[in-house]
Structures are given as C-alpha cells and as structure tokens.
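1. Next one to model:
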Amino acid sequence: MILRKKGFSNQIGLILEPVSRGIGFTVLPAHAVAAYPKPELINSHYLPVAVSETLYLAVRRQQVLSNRMHTVIDDVKKWL
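-> Numbering: from 1, shown residues only. Below you'll find the predicted structure:
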C-alpha cells in the first residue's frame with residue numbers, strides 16, 4: 001500500500017476536512033461544525049452538559065498597546 005503525503009491546515013474551517021474523509025476526529029465549537037459546507041459527511045455528538053473555559057487576557061505591563069489592540073480588546077469584552 002502506498003500512502004500519499006498530504007497535509008491539512010490548522011485553520012478551524014479546514015479541520016473538518018480530514019474528519020469528513022474518515023481519517024480523524026476533533027472537538028470543535030458548534031458554530032464551526034454548523035459552518036462546514038458538507039455536513040452530511042460528518043457525524044456530530046453533543047455533550048449532555050456544556051463545557052466552558054475561562055479566558056484570560058495577558059499583556060506586558062510595560063508595553064504600550066496600539067489603538068487597534070485596544071479596539072480588539074474592547075470588542076472581545078463586549079462578547080463576554
């Protein structure tokens with residue numbers, strides 16, 4: 001048997017490609033699964049109890065943040 005060499009990107013939108021081919025599994029948020037263009041090729045299993053993790057924002061005390069970083073941080077805080 002000859003195994004072809006082929007890689008997959010670690011972008012969240014491409015993670016389900018090898019899963020859809022039957023060569024792996026993954027744990028993803030529901031929105032990533034819902035956005036997959038070929039849902040008929042994957043099986044989803046939902047947890048009976050939702051899982052969540054605490055998010056932390058860490059910045060260097062002495063580093064001055066750019067305006068765009070302040071914008072990103074402000075937008076993220078709106079969603080939390």
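2. Extract the CA atoms of the longest helix belonging to the chain and return them as CSV.
-> In the chain, ranked by residue count with DSSP state H as the criterion, the top helix is helix 67-79. What follows is helix 67-79, C-alpha atoms only, in CSV (Å, rounded to 0.1, in the frame of the first residue of the first chain):
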residue,chain,number,x,y,z
ASN,A,67,-5.0,51.6,19.2
ARG,A,68,-6.1,48.6,17.1
MET,A,69,-5.3,46.3,20.1
HIS,A,70,-7.5,48.4,22.3
THR,A,71,-10.2,48.1,19.7
VAL,A,72,-9.8,44.3,19.6
ILE,A,73,-9.8,44.1,23.4
ASP,A,74,-12.9,46.3,23.7
ASP,A,75,-14.8,44.2,21.1
VAL,A,76,-13.9,40.9,22.8
LYS,A,77,-15.1,42.3,26.2
LYS,A,78,-18.5,43.1,24.6
TRP,A,79,-18.9,39.4,23.8
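3. Tell me which residues are up against that helix.
-> Residues outside helix 67-79 that contact it (C-beta atoms under 8 Å, 6 or more residues apart in numbering): 57, 65. C-beta: built from backbone N, CA, C; applies to glycine.
4. the bottom helix or strand of this protein by mean pLDDT?
-> helix 30-34 (a mean of 86; mean pLDDT, DSSP states H and E).
5. Near residue 33, how many other residues are there?
-> Other residues near residue 33 come to 16 when the count uses other C-beta atoms under 10 Å.
6. ugh, wrong one, I meant residue 31
-> 8.
7. Double-check residue 33 against residue 42; I have them as touching.
-> Yes - the criterion here is C-beta atoms under 8 Å, and residue 33 meets it with residue 42 at 7.2 Å.
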